[in-house]
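K.L.:
Below: sequence and its predicted model.
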There are 2 protein chains.
Amino acid sequence: MYTESAVSYQREFATQARGKAPKCVHIKTPCATCLARELCLPAGLTESQLERLKELFHVRQRIHAGQSLYRAGEGFAAIYAIRSGFFKTHMISEDGRDQTVGFHMAGEIMGMDGIGSQRYTCDAVALEDSEVCIVPFALLEEMSVEVPQIQNRFHKLMSRELVRDFGMLLLLGSMRAEERLAAFLLNLSQRFAARGYSASEFNLRMTREEIGSYLGLKLETVSRTLSRFQKEGLIQIWQKQVKLLDHAALKGLVKA
Amino acid sequence: MYTESAVSYQREFATQARGKAPKCVHIKTPCATCLARELCLPAGLTESQLERLKELFHVRQRIHAGQSLYRAGEGFAAIYAIRSGFFKTHMISEDGRDQTVGFHMAGEIMGMDGIGSQRYTCDAVALEDSEVCIVPFALLEEMSVEVPQIQNRFHKLMSRELVRDFGMLLLLGSMRAEERLAAFLLNLSQRFAARGYSASEFNLRMTREEIGSYLGLKLETVSRTLSRFQKEGLIQIWQKQVKLLDHAALKGLVKA
DNA sequence: CGCCAACTTGATGGCTGTCAAGTCAGGTGG
DNA sequence: CCACCTGACTTGACAGCCATCAAGTTGGCG
């Protein structure tokens, strides 16, 4: 049961949060920004090369919240650049375990896991209404030959995905629940900040269960740990609205 | 303390194992096989293309057991194809956590994590005397432009690395100790088999601690679980010599 | 208004980490 | 050749973190 003070406090925060940001924020990103973020185009490309690159990204697709962009086992043909919205990628193992392998926001690329086997190995699900650019992979490879800079950018992109996964291996392999959650919140914060949004206040697009699936924890542990962070004054949290109050302390938790 | 019967049994197994395979097996792989495994060359390449590709792989380097091939933070210039031997890659976090992110054997490629930042993000350490082909990355990208098949093979290679990491996320995020170890043994078995070695009998090149670091477990848990597998008749294990006795039961553990 | 999914919180148990002691194998030096 | 030493490993006892089970709350939606 909630304590009296907790309830009133939480309601107050909820009202604040809603006042500032509508419940379902729709992140809009201009194409140039989107491209720039992951393929780093502006730097080092000539006008004509830029034109070629834009061809790659000109087909778009809208995905409603809850819908899948692609599913594990489907034939691979394209990778996807997120223009707006929020996705999770998850895989379901032979025996039914559901593991979230990533959360993805505007400017990030999904689907590269499908290149190796020519089939996607996980499902990509929109957690809010979203829009993606469809990048036919064969076309990307063709252009990579014509414009070596595109090739190089793509290699760096995939490599960074590998490094990101190494980070997750470290998290899952050696961190305790509170460290995982602190790292998770800081990571989201940093990524929102990089897109021009508040680093200290944002809303989670995913459920506690999805957070748990990503971090190797049960939803109750996620809930409990977030509640404890709030009790200790590290964050404010009400439903999916989060406010980071003590960035330094959270960092301390991860490094401790 | 070991029981009488366990001791005699283990000694017997150790003797058997030693009789069949010298303590430090040196895996030798002809260059063609090595290339074939990960870059899948024979298929679809013309004679001249094959020649170009061989240029990529002609510089070799020997690494003694215990030595590093590269270290986190070092400038990235090349990726490495393992010709023979056995490696682990591991990263040490800011706060000193040591996470093993992979074990690598003949025919596999290491170092792709360095492309994104132009610095390696982990250390690669030889667990036995090994030999690698040095593949200058700039050269690989140049050849990718000339020979699109090389480009495509490389993309598939990186993609498979991503998928492999997804598998590790699933393992670390949702499996219990015995499931992790069963999966680990089966994975090694399958990879040895793919190289023409016994699928049921091999020796571990890594310590219990390194296994633990890879699987997100403490060395005591690794040791205990392996001992239990032996007690239950799933495996025989004596030091680093392993023999899988009940492949099906191990598979059952992973899927259960 | 009622229902349901998402969430919070409590109680309890089990898996795995921690600490500790001891064994074993290999290498070194006398 | 043997004693010793060290790193790797095994095993036991215990504790703690997190999963599990369960009950109740909240907000959204029909």
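P.N.:
Structure's in. What do you need? Residues are numbered from 1 along each chain as shown, chains lettered A, B, ... in the order given.
K.L.:
rest of the way, CA atoms for contacts and neighbours
P.N.:
Will do.
K.L.:
Helix, strand, or coil at residue A:206?
P.N.:
coil (DSSP: H, G, I helix; E, B strand; the rest coil).
K.L.:
quick one, phi/psi of the residue found closest to it once you drop the neighbours it is linked to in the chain?
P.N.:
Of all residues not flanking residue A:206 in the chain, residue A:127 sits nearest, at 6.7 Å (Cα to Cα, 6 or more residues apart in numbering or on different chains). Backbone torsions of residue A:127, given as degrees, to the nearest 10, read phi -100, psi -10.
K.L.:
does residue A:127 really touch residue A:89, like I thought?
P.N.:
No. With contact defined as Cα atoms under 8 Å, residue A:127 does not reach residue A:89; the gap is 10.1 Å.
K.L.:
mind listing the strands for chain A?
P.N.:
Under the criterion DSSP state E, strands of chain A are mapped to A:59-63, A:68-70, A:78-84, A:86-92, A:98-105, A:109-110, A:123-126, A:130-136, A:201-203, A:235-238, A:241-244.
K.L.:
now those as a markdown table including distance to chain B?
P.N.:
A markdown table is the format used below for these (distance: least, Cα to the nearest Cα, whole Å):
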| stretch | distance to chain B |
| --- | --- |
| strand A:59-63 | 23 |
| strand A:68-70 | 16 |
| strand A:78-84 | 12 |
| strand A:86-92 | 8 |
| strand A:98-105 | 6 |
| strand A:109-110 | 12 |
| strand A:123-126 | 12 |
| strand A:130-136 | 14 |
| strand A:201-203 | 24 |
| strand A:235-238 | 23 |
| strand A:241-244 | 22 |
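K.L.:
any chance of those strands in CSV, plus mean pLDDT?
P.N.:
Formatted as CSV, these follow (pLDDT from 0 to 100):
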stretch, mean pLDDT
strand A:59-63, 90
strand A:68-70, 97
strand A:78-84, 92
strand A:86-92, 97
strand A:98-105, 97
strand A:109-110, 95
strand A:123-126, 97
strand A:130-136, 92
strand A:201-203, 95
strand A:235-238, 95
strand A:241-244, 96
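K.L.:
could you redo those strands as a markdown table and give each row mean neighbour count?
P.N.:
Shown next, in a markdown table, are the strands of chain A (neighbours: other Cα atoms under 10 Å in any protein chain shown):
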| stretch | mean neighbour count |
| --- | --- |
| strand A:59-63 | 15 |
| strand A:68-70 | 19 |
| strand A:78-84 | 24 |
| strand A:86-92 | 23 |
| strand A:98-105 | 22 |
| strand A:109-110 | 24 |
| strand A:123-126 | 24 |
| strand A:130-136 | 22 |
| strand A:201-203 | 20 |
| strand A:235-238 | 22 |
| strand A:241-244 | 21 |
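K.L.:
spatially speaking, which residue is in the middle of chain A?
P.N.:
The structure's chain A has its C-alpha centroid closest to residue A:104; by Cα atoms, centre = their mean the separation is 2.4 Å.
K.L.:
For beta bridges, what are the partners of that one?
P.N.:
residue A:87 (DSSP bridges).
K.L.:
Would you agree it is in contact with residue A:87?
P.N.:
Yes. Taking contacts as Cα under 8 Å, residue A:104 lies within contact range of residue A:87: 5.0 Å.
K.L.:
Low-confidence stretches in chain A?
P.N.:
A:1-46, A:50, A:53, A:56, A:256 (pLDDT under 70).
K.L.:
so how far is residue A:195 from residue A:84?
P.N.:
11 Å (Cα to Cα, to the nearest Å).
K.L.:
before we move on, what about residue A:99?
P.N.:
In terms of Cα to Cα, residue A:99 sits 27 Å off from residue A:195.
K.L.:
Equivalent analysis for residue A:150, please.
P.N.:
23 Å.
K.L.:
and if you look at residue A:237?
P.N.:
From residue A:237 over to residue A:195 (counting by Cα to Cα), the distance is 22 Å.
K.L.:
circling back to that earlier point, if you count surrounding residues, which of residue A:150 and residue A:195 has more?
P.N.:
Shown here are residue A:150 and residue A:195; by other Cα atoms under 10 Å in any protein chain shown, residue A:150 has more neighbours (23 against 18).
K.L.:
Isn't that one up against residue A:141?
P.N.:
No. Here residue A:150 does not reach residue A:141: they are 9.0 Å apart, not a contact under Cα under 8 Å.
K.L.:
does the helix ranked longest in chain A come close to chain B?
P.N.:
Longest helix in chain A by number of residues, with DSSP state H as the criterion: helix A:148-174. Yes. Residues of helix A:148-174 are located near chain B by Cα under 8 Å from any Cα of the partner chain, namely A:148, A:151-152, A:155-163, A:165-166, A:168-170, A:172-174.
K.L.:
between that helix and strand B:86-92, how big is the angle?
P.N.:
Here helix A:148-174 points in a direction 80 degrees away from that of strand B:86-92 (axes from the mean of the first three to the mean of the last three Cα atoms, to 10 degrees).
K.L.:
buried set for helix A:148-174?
P.N.:
A:148-163, A:165-174 (16 or more other Cα atoms under 10 Å in any protein chain shown).
K.L.:
Relative to residue A:216, how far out is residue A:209?
P.N.:
10 Å.
K.L.:
who's more crowded, these two?
P.N.:
residue A:216 (25 against 17).
K.L.:
Now the more buried one. Nearest residue, chain neighbours left out?
P.N.:
Residue A:216 sits nearest to residue B:173 (Cα to Cα, 6+ apart), 4.0 Å away.
K.L.:
hang on, isn't the one you found packed against residue A:211?
P.N.:
No. The pair residue B:173 / residue A:211 is not scored as a contact, 11.4 Å apart, by Cα under 8 Å.
K.L.:
what sits in contact with each of the two?
P.N.:
residue A:217 (Cα atoms under 8 Å, 6 or more residues apart in numbering or on different chains).
K.L.:
give the contact list for residue A:232.
P.N.:
Per Cα under 8 Å, 6+ apart, neighbours of residue A:232: none.
K.L.:
Relative to chain B, how far out is it?
P.N.:
Going from residue A:232 to chain B by Cα to the nearest Cα, to the nearest Å gives 23 Å.
K.L.:
Outline the domain layout of chain A.
P.N.:
A:31-172, A:175-255 (automatic domain parsing).
K.L.:
Any part of the first one near DNA strand D?
P.N.:
No. With Cα under 7 Å from any atom of the strand as the measure, domain A:31-172 is seen stopping short of DNA strand D, the closest distance being 10.1 Å.
K.L.:
check whether that domain contacts DNA strand C.
P.N.:
No. Domain A:31-172 is not in contact with DNA strand C by Cα under 7 Å from any atom of the strand; minimum separation 9.7 Å.
K.L.:
what does stretch A:79-89 contact?
P.N.:
A:26-31, A:34, A:100-112, A:122-137, A:205.
K.L.:
So for that stretch, first residue to last residue, what's the gap.
P.N.:
13 Å.
K.L.:
Check stretch A:72-92 too.
P.N.:
End-to-end distance (Cα to Cα), stretch A:72-92: 8 Å.
K.L.:
what's the spacing between that stretch and its chain's center?
P.N.:
Distance of stretch A:72-92 from its chain centroid, counting by Cα atoms, centre = their mean, to the nearest Å, is 12 Å.
K.L.:
so residue A:77 touches residue A:136, yeah?
P.N.:
Yes. Counting by Cα under 8 Å, residue A:136 is a contact partner of residue A:77 at 6.0 Å.
K.L.:
any shared contact partners between the two?
P.N.:
Common neighbours of residue A:77 and residue A:136 (Cα under 8 Å, 6+ apart) do not exist.
K.L.:
Without its sequence neighbours, what residue ends up closest to residue A:168?
P.N.:
That would be residue B:169: by Cα to Cα, 6+ apart, it lies 7.3 Å from residue A:168.
K.L.:
Having no further points to raise, I will conclude here.
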